Every structure is written in structure tokens, then in C-alpha cells.
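Novice: structure, please.
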Amino acid sequence: MTNLAFEHIPIQENFDPMVNLADYPFVCAPMYHEWNLSDTPDLWTRKMIADMLLKIQKEHLEPLGRKFKIWDPWRSRVVQNNIYQKFWDDLAAKNQDWDEEKLTFEVGVFVTRADNKERIPPHASGGSIDLTVVDSDGNELDFGTEFDHFGPESATNYFEENDGNITARDNRRWLHKIMTDAGFGTDPDEWWHFDFGNQKWAVQLKKPFAFFGEVTDPVDFNSKPRQEPNHALA
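Specialist: All right, here's what the predicted structure looks like:
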């Protein structure tokens, strides 16, 4: 869904701080670090998002013996570029008849380019998060695909429109409902991706502005003078 235009949405930064998800009772699985696309295992997000996830977990997951497993929240433009380039290279190798225009479009369905200064990659705002759910034994629930399976099966409604995995269909319905009921935006192309407070979220939920702008470094962002967060659109 990153081909969607959202960079025109104004941003009124609310200075909500960045927090390390290692300090929360989630399962942290820094996939891009494990895949050597990021040089740090730390997972950062906005405090508002971490607190929202904690509330959802307590109300909807813990009674079922479940927890959130976080794959990827905030990411830098460097990591964004690494992901973009890897996906580009993988698609180019598999589809050697595609020209540059076709490759650009197909890669852009899932990954925003990092080198466009006019466009803040959603994850770079700290307002996007990729996640799944695990049971009491730490096993991931069946959602039909692995993380970053860049194909049609990753679409949130894939099993609504195609016969196949009923368990995955029901799990996606459940996850979609508890997240959207809490105020998150979703991505129709990635069942694991959710947004809050950023430009992509503002477009989807028809908000007049976003309140999460770009965070280039979480520690540096937290050290700057700030004002009380504005939660008016939450």
C-alpha cells in the first residue's frame, strides 16, 4: 500500500517520546537485525503506540494466554533503503523481463523508497508497527504467511476472497478488529502492518493532519526540548 499518496498530509508533531519495547511485556523479534539489514536489535516506537498495544494485550490477548510479538516498529532510512534494495534485487532476479518502471511499481506496493526527501517512510515516524500474536508456548498463531511475504497471500482479505486457510482467515479477522477498534489503521497488502499518528494513518482514517513526523534517531529525539503531547486526534 506504500504506492498510496500520503506525503501531502500536514504534520503537527506532538513530541510523543520514543520508547524501547524491551521495557514492555511483549515478545521482541527484531527480524531485520536477524536478517542483517539493521545493525541494532533495539525496537523503538512511540509511547502512545506501546501503551495502546499494552492495553489491547491486557484486554484481548492475555485472557487467551497470548501476547504480541513485535517484528518491526520504528526504522531508520538506512534500514528502509536496505529493505527496499533487497526486495528490488529479489524481484529483479525472479522477473528478468520486468523493466524499471514495473519493478518500481511492484516494489512500491510493499516498501517505500528511502531516498525521497519529500516522503517520510511510515516506519520512520515511529507510527508504524509490524507484529503478530503468539500463544502461551510462544508459538505464532497461523495468519497464513510469514512476516514480509511480499505476495498476494499477505493481503489482509486474501482468505476472505480465496478458499483455503480458514484458521488464518479467522485470525486475521480477529487481529484486524481488535487493532482497528483501538484506533489503528491497517494495510490491505500486509496483514501484519498497523499505523497510528503518521501520514499514512491520517489518509486512511481521513484525519486533517498527522501528529507523528520523522524520527531520525530515537535517543536524540527524546533529548530535545518538548511540549506536552497533543492527543486531540487519537
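Novice: so which residues of this protein form helices?
Specialist: 31-34, 47-56, 77-94, 100-108, 158-161, 166-181, 199-204, 218-223 (DSSP state H).
Novice: and these as TSV, adding mean neighbour count and mean pLDDT?
Specialist: Placement of C-beta: from N, CA and C, glycine included. Formatted as TSV, the helices of the chain follow (neighbours: other C-beta atoms under 10 Å; pLDDT from 0 to 100):
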stretch	mean neighbour count	mean pLDDT
helix 31-34	16	94
helix 47-56	19	98
helix 77-94	16	89
helix 100-108	14	86
helix 158-161	16	96
helix 166-181	16	98
helix 199-204	24	97
helix 218-223	14	94
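Novice: out of those, which is closest to residue 191?
Specialist: Closest to residue 191 of these is helix 166-181 (C-beta to C-beta; 5.2 Å).
Novice: tell me which of the helices of the chain sits nearest to residue 136.
Specialist: That would be helix 166-181 among the helices of the chain, by C-beta to C-beta, at 15.7 Å.
Novice: quick one: closest of the helices of the chain to residue 124.
Specialist: Using C-beta to C-beta, those put helix 77-94 closest to residue 124, at 6.0 Å.
Novice: enumerate every residue touching the residue nearest the centre of the chain.
Specialist: Centroid-nearest residue in the chain, with C-alpha atoms, centre = their mean: residue 129, separated by 3.1 Å. For residue 129, the contact set (C-beta atoms under 8 Å, 6 or more residues apart in numbering) comprises 45, 49, 53, 70, 72, 73, 193, 194, 195.
Novice: next: residue 170.
Specialist: Contacts of residue 170 (C-beta under 8 Å, 6+ apart): none.
Novice: quickly note the distance from it to residue 142.
Specialist: Distance of residue 170 to residue 142, computed by C-beta to C-beta, to the nearest Å: 9 Å.
Novice: do the same with residue 134
Specialist: On the measure of C-beta to C-beta, residue 134 and residue 142 end up 11 Å apart.
Novice: next, count neighbours for the nearest residue to residue 68 once chain neighbours are set aside.
Specialist: For residue 68, ignoring the flanking residues on the chain, the nearest one in space by C-beta to C-beta, 6 or more residues apart in numbering is residue 26 at 4.7 Å. Per other C-beta atoms under 10 Å, the neighbour tally for residue 26 reads 20.
Novice: what residue of the chain is the furthest out?
Specialist: residue 97 (30.7 Å).
Novice: how close does that residue sit to residue 167?
Specialist: With C-beta to C-beta as the criterion, residue 97 and residue 167 are 36 Å apart.
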